[in-house]
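> The following block contains a protein sequence and its predicted model.
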Amino acid sequence: MSLYYVQKFLFELNRDPRVQEAYRSDRTASLADYELTTEEVEALTQPDIGLLYHLGVNGQILMHFAAFHQIEWQDYLQRMRDGIATYGPVREGVYATTGYEGTEAHAASLGQSEGER
Amino acid sequence: MPLVYAGVCSHAPGITGRKDRADPEARDALYCAFDQMREDIVASGAEALVVIAAEHFANFFMNNMPSFAVGMADFYDGPIEDAGWLGIETFRAPGNRDLSRRLITEVMQTVDVAYAEEWKFDHGIAVPLHFLTPEFDLPVIPVNVNCQGPPLAPLPRAWAFGEALRRAADSVPEKVALVGTGGISHWPATPDSGKINEPWDRDFLDRWCANDKDRLLDYDDLTVYADAGQGGFEIRTFIAISAAANGAKGTVHFYTPIPIFAVGCTIASYKL
């Protein structure tokens, strides 16, 4: 697992038009210089927003990747929720700090209902 | 000249990017509060606007992450986000390289700060500037506190950084305004986006207005994360402003949770 390099690629994609062009023309080839697992390459090339969130990608990086793919805001949020439901809690990174069991459990931990969000 | 202005505001990208989806009454009230903040800064006679932000991987990444950084350029471009997504057109903000250099030199007397001669503004600075200097006619000096990629500087270090910025601002002949930007509790860009812990926010703002150092520093990252989300780490920018205010008391001019903006929108300032 190489969360650092997944995020490094997205960081560079988000800010460099040349990386964006390379990704547009050949997604897999554009990842060749990064130390990534097969799972990570698939998540980045599909793209699988839910899997990327599950892997631990910071939302401040991921939201721009979603926008790059023209994924609408609410759809972006739902894909992350679906990713947690499908793959389980976030594996690594800042969101794995105290564990995460989904929006409902989280709301309950704060004494809130889902409707308050 | 002594510091002429010290305040804080929210910087969430939804404030401009998703403005059409917000409750119009709350949104317009927020915009009015931003307008008043701009008028207060203008009235202060500020000749430079120092913005303490918590940027989001626009310039700094985990390959070389400074805890504290200050821009030192004559101009800064933004926004790094898609202009349509953020609702802010591409801009070039004026800087003041010479002033930056003098401020950085003074800050370095007590805080090891990184400097950057290139800096692309993300929403953390672009959204405040959109309201506070919409014509980009006031030199801006960007400052960053790492609030995104742990390990993060402990809160007492953010306080010390704020003290150093105040000392630096007071040491130059220019009139300097200082604005911290960030969220209080929020879970931006995550499945919990839109969640806001209002009681936690109000308690924090009570501490901020009282400028109660002991209570402002009485947080740890694990409990902040649990109660206020990863966005809560951005209290470092608010705390730096408290330190820079040097004991002054503050007023919250606006606080309203606006879920589609993903934060309890805040405008506050200290009476220097």
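Now that the structure is in, tell me what you want to look at.
> What residue in chain A comes nearest to chain B?
Distances between chain A and chain B by Cβ to the nearest Cβ are smallest at residue A:59, namely 3.0 Å. For the C-beta atoms, the positions are set from N, CA and C on the backbone; glycine is no exception.
> Excluding covalently adjacent residues, which one is nearest to that residue?
Closest residue to residue A:59 apart from its sequence neighbours, by Cβ to Cβ, 6 or more residues apart in numbering or on different chains: residue B:189 at 3.0 Å.
> Give me the neighbour count for that neighbour.
Neighbour count of residue B:189, defined by other Cβ atoms under 10 Å in any protein chain shown: 26.
> now residue A:11
Counted with other Cβ under 10 Å, residues neighbouring residue A:11 total 23.
> hang on, isn't it packed against residue A:61?
Yes. Look at residue A:11 against residue A:61 with Cβ atoms under 8 Å: they come within range, at 6.0 Å.
> Quickly list what's touching both of these two.
residue B:57 (Cβ atoms under 8 Å, 6 or more residues apart in numbering or on different chains).
> circling back: quick check: phi and psi at the residue nearest to residue A:59.
Backbone torsions for residue B:189, taken as degrees, to the nearest 10, come to phi 60, psi 20.
> Name the residues that touch the helix or strand hosting residue B:26?
For residue B:26, the element it lies in under DSSP states H and E is helix B:24-43. Contact with helix B:24-43 is made by B:5, B:7, B:9, B:15, B:19, B:49, B:131-134, B:138, B:177, B:179, B:253-254, B:256, B:258, B:265, B:267, B:269, as judged by Cβ under 8 Å, 6+ apart.
> And the residue of chain B closest to chain A?
Closest contact between chain B and chain A, by Cβ to the nearest Cβ, is at residue B:189 (3.0 Å).
> model confidence over stretch A:14-32, on average?
What stretch A:14-32 shows for mean pLDDT is 96.
> can you give me the end-to-end distance of it?
End-to-end span of stretch A:14-32 (Cα to Cα, to the nearest Å): 17 Å.
> Then stretch B:203-216?
10 Å.
> picking that back up, mind listing what's buried along the helix holding residue B:26?
Under the neighbour-count criterion of 16 or more other Cβ atoms under 10 Å in any protein chain shown, helix B:24-43 has B:26, B:27, B:29, B:30, B:31, B:33, B:34, B:37, B:38, B:40, B:41 buried.
> could you pull out the helices for chain A?
A:3-15, A:17-25, A:38-45, A:49-55, A:59-68, A:73-87, A:103-109 (DSSP state H).
> which among the contacts of helix B:24-43 end up buried?
B:5, B:7, B:9, B:15, B:19, B:49, B:131-133, B:138, B:177, B:179, B:253-254, B:256, B:258, B:265, B:267, B:269.
> so where do the helices sit in the stretch 1-150 of chain B?
Counting by DSSP state H, counting those that start in this stretch, the stretch 1-150 of chain B has helices at residues B:14-17, B:24-43, B:83-86, B:97-107, B:123-132.
> can you list those helices in CSV and add distance to residue B:172 and mean pLDDT?
Putting the helices of the stretch 1-150 of chain B into CSV (distance: least, Cβ to Cβ, whole Å; pLDDT from 0 to 100) gives the following:
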stretch, distance to residue B:172, mean pLDDT
helix B:14-17, 31, 96
helix B:24-43, 17, 98
helix B:83-86, 32, 92
helix B:97-107, 5, 98
helix B:123-132, 20, 97
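> export the ones you listed to TSV and tack on distance to residue B:232?
Below are the helices of the stretch 1-150 of chain B laid out as TSV (distance: least, Cβ to Cβ, whole Å):
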stretch	distance to residue B:232
helix B:14-17	17
helix B:24-43	20
helix B:83-86	23
helix B:97-107	25
helix B:123-132	15
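> Tell me which of those helices lies nearest to residue A:72.
When the helices of the stretch 1-150 of chain B are compared by Cβ to Cβ, helix B:83-86 sits nearest residue A:72, at 10.5 Å.
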